[in-house]
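Participant: Okay, sequence plus prediction incoming.
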Amino acid sequence: MRCKFCNNPRVIEKDCINSLFYRNKTYILYECKNCGCQFFDMNQHAISIDEMYESLANEKVQLSTQFSPRQYWMDQKNSILKILNQQPTSILDIGCRTGDF
């Protein structure tokens with residue numbers, strides 16, 4: 001295993017993390033002893049992103065219509081406020097994290 005960032009071979013197994021989506025899978029968190037970056041091996045398990053999204057889309061989940069900002073959302077909004085030095089009129093969130101932003 002080589003570091004995904006600096007390509008150095010001095011990589012150790014740092015931790016074992018349970019997947020949020022694939023509840024029966026765990027992933028090894030690696031750490032580079034050269035640059036200190038931490039990363040996962042995305043090929044550790046053969047998974048299908050299409051199947052994952054399809055199964056999540058088919059789950060019967062009751063969504064709340066009320067928005068309640070979490071700390072992560074507030075921290076990100078405050079970072080934007082500092083950069084813009086004014087209240088933003090809209091925020092476009094690109095990514096897949098938890099969807100709370």
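Facilitator: In hand now; what should we look at? Residues are numbered from 1 along each chain as shown.

Participant: Which neighbouring elements make contact with the helix or strand containing residue 31?
Facilitator: Taking DSSP states H and E as the criterion, residue 31 maps to strand 26-32. Where contact means 3 or more C-beta pairs under 8 Å, 6 or more residues apart in numbering; DSSP states H and E, strand 26-32 is packed against strand 11-18, strand 38-40. Using the backbone N, CA and C atoms, a C-beta is placed for each residue, glycine as well.

Participant: what does it rub up against?
Facilitator: 1, 3, 5-6, 8, 10-19, 37-41, 44-45 (C-beta atoms under 8 Å, 6 or more residues apart in numbering).

Participant: Run through this structure and note the low-pLDDT ranges.
Facilitator: 21-23, 60-67, 95-101 (pLDDT under 70).

Participant: pull the longest helix from the protein.
Facilitator: Using DSSP state H, we find that the single longest helix of the chain is helix 71-84.

Participant: Spell out for me the ChimeraX command that would select the buried members of the contacts of strand 26-32.
Facilitator: Command for ChimeraX, covering only those of the contacts of strand 26-32 found buried under the criterion 16 or more other C-beta atoms under 10 Å:
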select :3,11,39
